[in-house]
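Colleague: Sharing a sequence plus its predicted fold:
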Amino acid sequence: MTRRLGLEITARELRGTWTTPWRLQPAATFVQAWDGRDFASAVEAMRAAHPAPDRIALSIGLDFLDVARVALPPADDAAREQIVALDPERYLGTNSPMHVLLPTGSDIAMACDQGWLDGVVRTLQGWAPVTRVEASPVAVAASGCPDGTWQLDDDGSVEVRGGRVTAVRRTRDGHTAAALPSLGPLPGRSRAAWGAVLREDDTSLGTLMPPAARRAADRRRAQSLATAALGAAAAVLFLVAAIDRSRERTLAALDARAAQLGAEAAPALAAMSEQVAAARAAGVAREVVRARPDPLGTLAALGALLPRDVVVTSIRMSGSEWQVEGTAKTAAALVPLLDADPRFDQVRSLGASARFRDGRTTRESFSIAFHVATSD
């Protein structure tokens, strides 16, 4: 049973949305006033008034965000976020270190003061693990908000199109946009908290979480998926075992049948093991044969390449390493000749050539080593 809490922080209120224990649905909401400064006291008040959640998905209100439309060079989303974070003065007009997010494919950068946000997360971690840190405009869009321009508190508005943030504006001259619509029993002002919960199991890219917290959230998400898979498998096994009979009788019958089948299948299992071992050995043998050069093919290649005046007196081979000795009219021409053929590589002369007279003909000795290339 998991009870999550979505929590939005605005300048004047902390807005919480609880999920139902068994399904990802909003169960209850609360609003707690605070002064926008003493966050630790506000958290202590929440802890006194509410049970501890299993984990918290956090949404940071527009009051604590710097928002700017940025022009960035082509890069992936992670690199674009890093570019803005490394130069906040250029893109956001501030020298303070910032946690930065860019919604996927968007040029709207949203950032929060790094020191303030890290302190908020540390304070909440004393109550429950913080597994998500969203910007409220992104969380509102993720809550299933319909297309339109919607008011965020008294400070600004968000424009949503197709579930994505297309604009964020600060309120000026008393102008206000439409109030956020409710979602069933969930009031509109709780959409940002609920959207953070809905995005909790998504990728951590495009959030206000610092890099270390993102890595921890990704690990936690992978562990949750593995645990859920194991739980589902265990549930299936339990249901199969419980069908039609009581557990004790079923287990006893299965144990007796398993022992009987084990005895009957022993010869077949032994034969199967031998067959598997033989197949494995055959596969190794085939791999060795495939990788071994063909001696006859190599001799044929040498016969076709070497000039007719060459006399081979000795051939030695070890695997793919060959050594050929003999005499020729021009021994120096043999190494380039073999080296130009793709079937041979690492062609080299093993010693100086000796010149001698063979009747009326001058000949030269040679000793050449080379490696026979094998085809994959």
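Modeller: Thanks, I have it. Treat the numbers as computed from the prediction; the structure is a model and nothing was measured.
Colleague: what's the spacing between Ala332 and Val197?
Modeller: Remark: distance between Ala332 and Val197 (Cβ to Cβ, to the nearest Å) = 80 Å. C-beta coordinates here come from the backbone N, C-alpha and C atoms, glycine included.
Colleague: Who has more neighbours out of the two?
Modeller: Under the criterion of other Cβ atoms under 10 Å, the comparison of Ala332 against Val197 puts Val197 first, with 28 against 11.
Colleague: how about the strands in the stretch 251-376 of the chain?
Modeller: Taking DSSP state E, counting those that start in this stretch to define them, one finds strands in the stretch 251-376 of the chain at 311-318, 321-328, 344-349, 355-358, 361-372.
Colleague: Is Arg117 in contact with His99, as I believe?
Modeller: Rather than Arg, residue 117 is Leu. Yes - in this structure Leu117 lies within contact range of His99 using Cβ atoms under 8 Å: 5.5 Å.
Colleague: Find residues that contact each of these two.
Modeller: Val133, Leu208 (Cβ atoms under 8 Å, 6 or more residues apart in numbering).
Colleague: Please report how far Asp76 lies from Gln82.
Modeller: Between Asp76 and Gln82 the distance, using Cβ to Cβ, works out to 10 Å.
Colleague: List the residues that contact Leu58.
Modeller: Counting by Cβ under 8 Å, 6+ apart, Leu58 touches Leu7, Glu8, Ile9, Val120, Val121, Leu124, Val130, Arg132, Val133, Glu134, Ala196.
Colleague: can you tell me which helix or strand it belongs to?
Modeller: Following DSSP states H and E, the helix or strand that holds Leu58 is strand 55-60.
Colleague: That strand - what's its average pLDDT?
Modeller: For strand 55-60, mean pLDDT rounds to 94.
Colleague: Kindly export it (C-alpha atoms) in PDB.
Modeller: The C-alpha trace of strand 55-60 is given here as PDB (Å, rounded to 0.1, in the frame of the first residue of the first chain):
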ATOM      1  CA  ARG A  55       6.900   9.700  -0.700                       C
ATOM      2  CA  ILE A  56       6.500  13.300  -1.900                       C
ATOM      3  CA  ALA A  57       6.200  14.700  -5.400                       C
ATOM      4  CA  LEU A  58       7.000  18.500  -5.100                       C
ATOM      5  CA  SER A  59       5.800  21.300  -7.300                       C
ATOM      6  CA  ILE A  60       7.500  24.800  -7.100                       C
END
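Colleague: Leaving aside the residues adjacent along the chain, what's closest to Thr10?
Modeller: Distance criterion Cβ to Cβ, 6 or more residues apart in numbering; nearest residue to Thr10, sequence neighbours excluded, is Gly61 at 3.7 Å.
Colleague: Which residue ranges of the stretch 51-200 of the chain form helices?
Modeller: Per DSSP state H, counting those that start in this stretch, the stretch 51-200 of the chain carries helices over the ranges 77-86, 88-92, 114-125, 136-142, 191-198.
Colleague: and those as CSV, adding mean pLDDT?
Modeller: As requested, these are exported to CSV (pLDDT from 0 to 100):
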stretch, mean pLDDT
helix 77-86, 89
helix 88-92, 92
helix 114-125, 94
helix 136-142, 95
helix 191-198, 94
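Colleague: ok, the contacts of Leu58 vs Val67, which is closest?
Modeller: Glu134 (13.9 Å; Cβ to Cβ).
Colleague: quick one on the thing from earlier: quick check: of the contacts of Leu58, which has the highest neighbour count?
Modeller: When neighbours are counted by other Cβ under 10 Å, Ala196 leads the contacts of Leu58 with 32 neighbours.
Colleague: Let me know whether Leu92 touches Met98 as I believe.
Modeller: Yes - the criterion here is Cβ under 8 Å, and Leu92 meets it with Met98 at 6.4 Å.
Colleague: Looking at the two, which is more packed in?
Modeller: The residue with more neighbours, out of Leu92 and Met98, is Met98; 24 against 20, by other Cβ under 10 Å.
Colleague: For that one, which residues are in contact?
Modeller: Taking Cβ under 8 Å, 6+ apart as the test, what Met98 contacts is Asp66, Val84, Ala85, Pro88, Leu92, Ala111, Cys112, Asp113, Gln114.
Colleague: ok so, going back, redo the helices of the stretch 51-200 of the chain as TSV? Include distance to Thr20.
Modeller: Output for the helices of the stretch 51-200 of the chain, formatted as TSV (distance: least, Cβ to Cβ, whole Å):
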stretch	distance to Thr20
helix 77-86	32
helix 88-92	39
helix 114-125	22
helix 136-142	19
helix 191-198	11
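Colleague: what number of residues lie near Arg348?
Modeller: 12.
Colleague: in stretch 15-27, what counts as buried?
Modeller: The neighbour-count check on stretch 15-27 (16 or more other Cβ atoms under 10 Å) flags Arg15, Gly16, Thr17, Trp18, Thr19, Pro26 as buried.
Colleague: Assumed the fourth one was part of a strand.
Modeller: Read that as Trp18. Yes - assigned with DSSP: H, G, I helix; E, B strand; the rest coil, Trp18 falls within a strand.
Colleague: Can you verify my assumption that it contacts Thr29?
Modeller: Yes - Trp18 is within contact range of Thr29, at 7.3 Å (criterion: Cβ under 8 Å).
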